[in-house]
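Asker: sequence? don't have it. structure:
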Ligand SMILES: Nc1ncnc2c1ncn2[C@@H]1O[C@H](COP(=O)(O)OP(=O)(O)OP(=O)(O)O)[C@@H](O)[C@H]1O
Ligand SMILES: [Mg+2]
């Protein structure tokens, strides 16, 4: 039995190839889990193959009723996706060259070489998806290919430096950088981080475009960053890293551990939060993270970078509001950025700047680096 799934229609998202690959990985994970049960109970060997391609399709939509519309795709891109599926071995995900190009860095791939496809004269490179990669943001992916020289933004950098000086003197600051996609918000933070990281601890986190559906994701990433948890760490290693660091920081923080463990998906062998009222649990989780951060800031100033607040989930939003209270006396500099459509409801910033235009020099350096496009480095 074969099924066809579409991403990017009827609503186009800027990252639909990534969304499709996350879905494919979850499908394989879930199929493997179910297969284990089916094998044990019924002796059936269930395996699925997934193939994917990205490209233009013409969609014919048929309105079924008020809620449902059926889409019929027409075009070469869909048959190429079907071809990828037929090339995948059971249990695997195979993608075309185009999908690979758009998602490289966000995911890990194995090159499977070239293959001939009916209707295409040149052989096509195909790739197997191995798992989620290390890169999360567009700027990280761009940085892997080498960034163009940083230009302009002198006054913004000066403002950030000023905010850091005040923070170091014990007056916590919040700085928001607002601007359209691609205007340079992440790059500004990236450059500032390079300038400032020697005298302070920088902890970065980000939201993803489908992040509203993932409570706490940016906070979880922030904590992973703080505890230096990597994908290679098994549960025991993660527990050791978290427990060790918290107790080394301050023994009186021991009672924050159940909340940190729960957020990071680490089973707590001593204390269970399962029976706790959700409101109380949320409040204590916020308090636990704030206490950790404020305590750490006594040892060294902290720079917390939250990227892309326009995609923030409501729990993290509430956490920012909570952190905001009392930040003025902590050595914590909170740097956030977002697109203009977002309206922060979690408190006032000490300084905010709107990046309106790309500095002219960016466009000219893009022209120098690539004749075909001026909108992206490639
Ligand atoms: N001042 C600058 N000098 C040189 N290159 C820059 C500058 N600002 C931005 N860029 C380049 O422009 C590209 C887009 O910038 P960036 O990722 O920072 O945009 P953004 O505002 O964070 O966009 P988004 O809202 O999509 O996250 C990057 O490749 C970055 O290196
Ligand atoms: Mg950005």
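Answerer: Cool, got the structure. None of these values were measured; they are calculated from a predicted model. Ligands and ions are numbered 1, 2, ... in the order given.
Asker: return the distance of residue 127 relative to residue 218.
Answerer: 29 Å (C-beta to C-beta, to the nearest Å). Every residue, glycine included, has its C-beta placed from N, CA and C.
Asker: between those two, which one's more packed in?
Answerer: It is residue 218, of residue 127 and residue 218, that has more neighbours when counted by other C-beta atoms under 10 Å, with 27 against 24.
Asker: surely that one meets residue 306?
Answerer: Yes: counting by C-beta atoms under 8 Å, residue 218 touches residue 306, with 6.2 Å between them.
Asker: common neighbours of these two, please.
Answerer: Taking C-beta atoms under 8 Å, 6 or more residues apart in numbering as the contact rule, residue 218 and residue 306 both touch 205, 206, 207, 312, 316.
Asker: can you redo these as JSON lines with distance to residue 48, neighbour count and pLDDT?
Answerer: Output for these, formatted as JSON lines (distance: C-beta to C-beta, whole Å; neighbours: other C-beta atoms under 10 Å; pLDDT from 0 to 100):
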{"residue": "205", "distance to residue 48": "33", "neighbour count": "21", "pLDDT": "93"}
{"residue": "206", "distance to residue 48": "31", "neighbour count": "22", "pLDDT": "89"}
{"residue": "207", "distance to residue 48": "30", "neighbour count": "23", "pLDDT": "88"}
{"residue": "312", "distance to residue 48": "34", "neighbour count": "25", "pLDDT": "90"}
{"residue": "316", "distance to residue 48": "34", "neighbour count": "26", "pLDDT": "93"}
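Asker: contacts only, for the spatially closest residue to residue 139 that is not a sequence neighbour.
Answerer: Residue nearest to residue 139 in three dimensions, not counting chain neighbours: residue 186, with 4.0 Å by C-beta to C-beta, 6 or more residues apart in numbering. By C-beta under 8 Å, 6+ apart, the contact set of residue 186 is 137, 138, 139, 307, 337.
Asker: again, 7 Å this time
Answerer: 137, 139, 307, 337 (C-beta atoms under 7 Å, 6 or more residues apart in numbering).
Asker: quick check, nearest of those to residue 246?
Answerer: Closest approach between the contacts of residue 186 and residue 246, by C-beta to C-beta: residue 307, at 25.7 Å.
Asker: measure the closest one to ligand 2 for me?
Answerer: As judged by C-beta to the ion, to the nearest Å, residue 307 and ligand 2 stand 6 Å apart.
Asker: and that residue, backbone torsions?
Answerer: phi -90, psi 150 (degrees, to the nearest 10).
Asker: how about the one 5 residues further on?
Answerer: For residue 312, the backbone dihedrals are phi -70, psi 140 (criterion: degrees, to the nearest 10).
Asker: quick one: the helices in the protein, in order.
Answerer: Counting by DSSP state H, the chain has helices at residues 16-42, 76-87, 97-103, 138-144, 154-168, 185-196, 217-227, 235-249, 257-263, 278-299, 314-324, 360-369.
Asker: ok, stretch 329-344 near ligand 1 or not?
Answerer: Yes: contact of stretch 329-344 with ligand 1 (C-beta under 6 Å from any ligand atom) involves residue 339.
Asker: how long is that stretch from one end to the other?
Answerer: Using C-alpha to C-alpha, to the nearest Å, one end of stretch 329-344 lies 22 Å from the other.
Asker: what does that stretch contact?
Answerer: 163-164, 167-168, 170, 172-178, 180-181, 185-186, 189, 293-294, 297, 301-310, 327.
Asker: does that stretch reach ligand 2?
Answerer: No: using C-beta under 5 Å from the ion, stretch 329-344 never reaches ligand 2; the gap is at least 6.4 Å.
Asker: buried residues in that stretch?
Answerer: Across stretch 329-344, burial judged by 16 or more other C-beta atoms under 10 Å covers 330, 331, 332, 333, 334, 335, 336, 337, 338, 342, 344.
Asker: greatest separation within those residues: which pair is it?
Answerer: 331 and 342 (26.9 Å).
Asker: what's the spacing between the nearest residue to residue 270 once chain neighbours are set aside and ligand 1?
Answerer: Closest residue in space to residue 270, ignoring its immediate chain neighbours: residue 258 at 7.7 Å, by C-beta to C-beta, 6+ apart. As for residue 258, its distance to ligand 1 is 35 Å (criterion: C-beta to the nearest ligand atom, to the nearest Å).
Asker: measure residue 258 to residue 247 for me?
Answerer: 14 Å.
Asker: shared neighbours, those two?
Answerer: Common neighbours of residue 258 and residue 247 (C-beta under 7 Å, 6+ apart) do not exist.
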